[in-house]
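> have a look at this fold, sequence not included:
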């Protein structure tokens, strides 16, 4: 990252990391401020950040180098694909050091600079985030505010913004100006960088609330059937009316309502008395040949498939259907649009709601398929500085429990792995990959081949975004795609 303090760099770093992890790119933030706090236990004042404080300058340089060493370890030894180097990086000398580091390790570098001169935004950021950080644990807010403002002035004396016309014209970067009011994009080189740019151009910091809920209870829910397109049960219709009352009580300005294209979701929205938008991307996960079957029927007719799904629910793909991994890719446009909006109510389905919730709560792929999303309950999500506040609101209408807990599964020598939705089941082999549906530009990087001269690691800075272009290497493996 690049920019003066209190410009939202850590906010963007954390959001971008959450997004990249959610779409399957292992990503980690390396915040140099945390390294500095570990090295200097007792922060005294802004004097530590004066450019003429030689001792402090040396400590800060050592902290940056320590963070870069950890970046290298994460990308080369721990399976990381993207590293976000969260620091001010306000001088050309520091950025040249990062570029040299990337060149020596065969990483690509992508800079993200946050520029903001709006005093109200800066003051708000200081009050909401900075005065409560560990540096000011024993200070009152007024003292903390004053000290942090002086810290910013220390950085301003040596700040050298990215220069797209002369010095930095050959670098890849994006400038985010005044919290997303304007953008300047320079030399985007590949698909991953374009995804990062697109994401950053969609997020905003305005206060808002996102409501997630499932459709009302359906007749298929009562029978325990998967998928289908049936209507609401009597209790489901009661929930639809209760949801309308709940929305009216919230008195939300310009509320947008999104549903899937399935009957039970649309019926749930009809009582609201407001326009709603239907999204095919919000349809429930496709259970393929298991559609409209109960779990007991699946276990009886397709015992191997039943066992496979229990072993790895995120990657498992129903024959002629979808996996949770497929679903993440399907709902990614929904996430992008949610980031652009203000107040939204999304009426969807259990698997889809789990995917959306995993994004906002930064849940892993392993946790995602087991998140609890009960019927007739609204989840109120309020984005805050570095995360998302969640409130669960039960509307007191009875419904069946459709949640299935994580089974205790022991992987043994007889385990079967189906590599995609159409090939036969095969016995496990050490070189078989889990089923995937990655696009050509998004091939997986876990289970990589040994590093060779044709493998390129791809690093981006601050996000020192370090993306491994082991991706192209992976496309040659027929067991992944073919």
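Yep, that arrived. As the structure is a computational prediction, the values presented were derived from the model and not from experiment. Numbering: from 1, shown residues only.

> CA atoms for contacts and neighbours, from now on please.
Will do.

> what comes up buried for the strand or helix carrying residue 390?
Assessed by DSSP states H and E, residue 390 sits inside strand 387-394. Residues of strand 387-394 classed as buried: residue 390 (neighbour count, 16 or more other CA atoms under 10 Å).

> contacts for it, please.
Strand 387-394 is contacted by residues 15, 360, 361, 376, 377, 378, 379, 380, 381, 382, 383 when judged by CA atoms under 8 Å, 6 or more residues apart in numbering.

> can you do 10 Å?
Residues outside strand 387-394 that contact it (CA atoms under 10 Å, 6 or more residues apart in numbering): 11, 14-15, 18, 209-213, 246, 357, 360-362, 373-383.

> are any of those residues buried, and which?
For the contacts of strand 387-394, a burial check counting by 16+ other CA under 10 Å picks out 11, 14-15, 18, 209-213, 357, 360, 362, 373-383.

> show me this protein divided up by domain.
Using automatic domain parsing, the domain ranges for the chain come out as 9-200, 210-394.

> name the helices or strands packed onto the host helix or strand of residue 67?
Secondary-structure element containing residue 67, defined by DSSP H and E: helix 54-77. Counting contacts by 3 or more CA pairs under 10 Å, 6 or more residues apart in numbering; DSSP states H and E, helix 54-77 packs against strand 27-31, helix 32-39, strand 82-86, helix 92-104, strand 456-461, strand 464-469.

> save these as TSV, and put in mean pLDDT too.
Listed next are the helices and strands packed on helix 54-77 as TSV, based on pLDDT from 0 to 100:
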stretch	mean pLDDT
strand 27-31	97
helix 32-39	96
strand 82-86	97
helix 92-104	98
strand 456-461	43
strand 464-469	44
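
> so which of the ones you listed gets nearest residue 178?
strand 82-86 (18.7 Å; CA to CA).

> give me the neighbour count for the nearest residue in space to residue 86 that is not next to it in sequence.
Here the nearest residue to residue 86 in space, its sequence neighbours aside, is residue 31; by CA to CA, 6 or more residues apart in numbering that works out to 4.6 Å. A count of nearby residues for residue 31, using other CA atoms under 10 Å, gives 20.

> how about residue 122: what's its closest non-neighbour residue?
That would be residue 6: by CA to CA, 6+ apart, it lies 5.9 Å from residue 122.

> and that neighbour, how far from residue 291?
As judged by CA to CA, to the nearest Å, residue 6 and residue 291 stand 51 Å apart.

> with neighbour numbers in mind, choose between those two.
Set residue 6 next to residue 291 and count neighbours by other CA under 10 Å: residue 6 wins out with 24 against 17.

> show the contacting residues for residue 144.
Listed by CA under 10 Å, 6+ apart, the contact partners of residue 144 are 45, 126, 127, 130, 131, 132, 133, 135, 136, 137, 138, 150.

> inside strands: which ones of those?
Among the contacts of residue 144, none falls in strands (DSSP state E).

> which of those residues are buried?
Neighbour counting by 16+ other CA under 10 Å classes 126, 127, 130, 131, 132, 135, 136, 150 among the contacts of residue 144 as buried.

> correct me, but the third one touches residue 148?
Same thing as residue 130. Yes: at 7.7 Å, residue 130 and residue 148 qualify as touching, with contact defined as CA atoms under 10 Å.

> common neighbours of those two, please.
5, 6, 136.

> assign residue 112 to helix, strand or coil.
strand (DSSP: H, G, I helix; E, B strand; the rest coil).

> can you count the residues close to it?
Residue 112: 28 neighbours (other CA under 10 Å).

> mind listing the strands for the protein?
Going by DSSP E, the chain shows strands at 27-31, 82-86, 111-115, 173-177, 182-186, 210-214, 256-259, 277-278, 344-348, 377-384, 387-394, 456-461, 464-469.

> what lines up beside the second one in the sheet?
When pairs are called by DSSP bridges, strand 82-86 turns out to pair with strand 27-31 (parallel).

> got the angle for the partner strand vs helix 54-77?
Here strand 27-31 runs at an angle of 170 degrees relative to helix 54-77 (axes from the mean of the first three to the mean of the last three CA atoms, to 10 degrees).

> distance between strand 27-31 and the chain's centre?
Centroid separation for strand 27-31 versus its chain: 13 Å, with CA atoms, centre = their mean, to the nearest Å.

> next, the buried residues of it.
27, 28, 29, 30, 31.

> can you check stretch 208-224 too?
In stretch 208-224, counting by 16+ other CA under 10 Å, buried: 209-221, 224.

> may I ask which helix or strand of the chain has the lowest mean pLDDT?
Every helix and strand in the chain was compared by mean pLDDT, DSSP states H and E; the lowest is helix 471-474, with a mean of 34.

> include pLDDT and distance to residue 186 when you put the buried residues of stretch 208-224 into TSV, please.
Output for these, formatted as TSV (pLDDT from 0 to 100; distance: CA to CA, whole Å):
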residue	pLDDT	distance to residue 186
209	96	33
210	98	33
211	99	36
212	99	37
213	99	40
214	99	42
215	99	44
216	99	48
217	99	50
218	99	51
219	98	54
220	98	52
221	98	51
224	98	53
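
> residue 248 - how many residues pack around it?
The burial count for residue 248: 12, using other CA under 10 Å.

> again, but for the one 3 residues further on
Residues within reach of residue 251, counting by other CA under 10 Å, total 9.

> same question for residue 385.
16.

> please report how far residue 203 lies from residue 341.
9 Å.

> likewise residue 196?
Residue 196 sits 19 Å away from residue 341, going by CA to CA.

> one more: residue 154?
Counting by CA to CA, the gap from residue 154 to residue 341 is 37 Å.

> and residue 344, how close does it get to residue 254?
Counting by CA to CA, the separation of residue 344 from residue 254 is 9 Å.

> quick one on the thing from earlier: which of the buried ones among the contacts of residue 144 fall within helices?
Among the buried ones among the contacts of residue 144, the residues falling in helices (DSSP state H) are 126, 127, 150.

> farthest residue from the center of the protein?
residue 52 (39.5 Å; CA atoms, centre = their mean).

> show me what contacts that residue?
residue 154.

> state the distance from it to residue 9.
When distance is defined by CA to CA, residue 52 is 25 Å away from residue 9.

> the residue found closest to residue 216 once you drop the neighbours it is linked to in the chain: neighbour count?
Nearest residue to residue 216, sequence neighbours excluded (CA to CA, 6+ apart): residue 236, at 4.0 Å. Applying other CA under 10 Å, we find 25 residues neighbouring residue 236.

> now do stretch 305-314: distance to the chain's middle.
The mean C-alpha position of stretch 305-314 is separated from the chain mean by 24 Å, CA atoms, centre = their mean.

> and it, what's buried?
305, 306, 307, 308, 311, 312, 313, 314.

> in JSON lines, list the domains of the chain along with distance to residue 1.
Output for the domains of the chain, formatted as JSON lines (distance: least, CA to CA, whole Å):
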{"stretch": "domain 9-200", "distance to residue 1": "5"}
{"stretch": "domain 210-394", "distance to residue 1": "16"}
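
> any weak-confidence spans in the stretch 251-400 of the chain?
Within the stretch 251-400 of the chain, no range satisfies pLDDT under 70.

> go again using 90 as the cut-off
253, 273, 384-387 (pLDDT under 90).

> now swap in the stretch 101-250 of the chain and tell me
Ranges of the stretch 101-250 of the chain meeting pLDDT under 90: 128-129, 131-132, 137-138, 190-192, 204-207.
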